[in-house]
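[1] below are the sequence and a predicted model; questions follow.
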Amino acid sequence: RLVARPLPEGHPSGIRYAYNDQTPGPTIEAELGQTLEVELVNELSAGTTIHWHGLHVPNAMDGVPWQRGPVAPGASFVYRFELNQPGTFWYHPHFNTEGQVDGGLFGALIVRDPADEPANHDLVAIIDSRAEARPNPAQPTGPAHGHARLERQWLMNGDSPGHLNVQAGERVRLRMINASNHGYLK
């Protein structure tokens, strides 16, 4: 169950929205062949959806408004589909995408293949910035998607990047997701 709701005005994180009061939202983990069922509860003042980025899903489950209208404020919708491809994916709205994703609505979806060799460390790193769309003085009406000044202070999983200590020979699987709407990671 994912509850999309606004955070209190002036929240210390600077984030406006969250799934289940956290951003990134909860990491959803499942195995190849399972049926994923996620109820989206919309406590926002505007419509929203969940788009399963990179997954092959039935049109009615894709979360894009031209396939199915957004979930209205106060309403809920159950997304249900079979997971037929393993990998690292992410979920986010496809309704007012820039505002809602930059506002904090996104999370990871991991579909594990039981045949994969296990790793000693299996890490998810969602890279984003809290202030990507700062106003651009050359555009006094405000930034258009992709034309704001780039924020160079990257966050990993909503916090400053940390460190991981590993031993020689350990297998590390790093699942990186770029949730930035106009920043490229090098």
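    On my side now, so go ahead.
[2] if I look at residue 103, how far off is residue 174?
    Distance, residue 103 to residue 174, using CB to CB, to the nearest Å: 26 Å. Where C-beta positions appear, they are placed from N, C-alpha and C, glycine not excepted.
[3] and what of residue 99?
    Taking CB to CB, one finds residue 99 at 29 Å from residue 174.
[4] picking up where we left off before, neighbour count winner among residue 103 and residue 174?
    Between residue 103 and residue 174, counted using other CB atoms under 10 Å, the more crowded position is residue 103 (21 against 12).
[5] didn't the more buried one look like it was pressed against residue 25?
    No - at 12.0 Å, residue 103 does not count as touching residue 25 under the criterion of CB atoms under 8 Å.
[6] neighbouring contacts of the lowest-mean-pLDDT helix or strand in the chain?
    When each helix and strand of the chain is scored by mean pLDDT, DSSP states H and E, strand 155-156 comes last, with a mean of 76. With contacts defined as CB atoms under 8 Å, 6 or more residues apart in numbering, strand 155-156 is touched by 125-130, 161-162.
[7] write the PyMOL selection for whichever of these are buried.
    Buried subset of the contacts of strand 155-156, written as a PyMOL selection, criterion 16 or more other CB atoms under 10 Å:
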select buried, resi 125+126+127+128+129+130
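[8] of the contacts of strand 155-156, the lowest pLDDT goes to which?
    Minimum pLDDT for the contacts of strand 155-156 is recorded at residue 130 (65).
[9] which one in the protein is furthest away from the centre?
    Here the chain reaches farthest from its C-alpha mean at residue 168, the gap being 32.1 Å by CA atoms, centre = their mean.
[10] so where's the chain uncertain?
    10-14, 130-152, 182-186 (pLDDT under 70).
[11] residue boundaries of the strands in it?
    2-6, 17-19, 28-31, 35-42, 51-53, 76-82, 87-92, 107-112, 121-128, 155-156, 172-178 (DSSP state E).
[12] so which of the ones you listed gets nearest residue 67?
    strand 51-53 (9.8 Å; CB to CB).
[13] setting aside sequence neighbours, what's the nearest residue to the residue nearest the centre of the chain?
    Closest to where the C-alpha atoms of the chain average out (CA atoms, centre = their mean) is residue 106, at 2.2 Å. Leaving out its chain neighbours, the residue that sits closest to residue 106 by CB to CB, 6 or more residues apart in numbering is residue 92, at 4.1 Å.
[14] hang on, the one you found packs against residue 177?
    No - using CB under 8 Å, residue 92 is not in contact with residue 177, being 9.9 Å away.
[15] re earlier: dump the strands of the chain into TSV; add distance to residue 60 as well.
    Listed next are the strands of the chain as TSV, based on distance: least, CB to CB, whole Å:
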stretch	distance to residue 60
strand 2-6	18
strand 17-19	21
strand 28-31	19
strand 35-42	13
strand 51-53	12
strand 76-82	9
strand 87-92	16
strand 107-112	18
strand 121-128	26
strand 155-156	33
strand 172-178	25
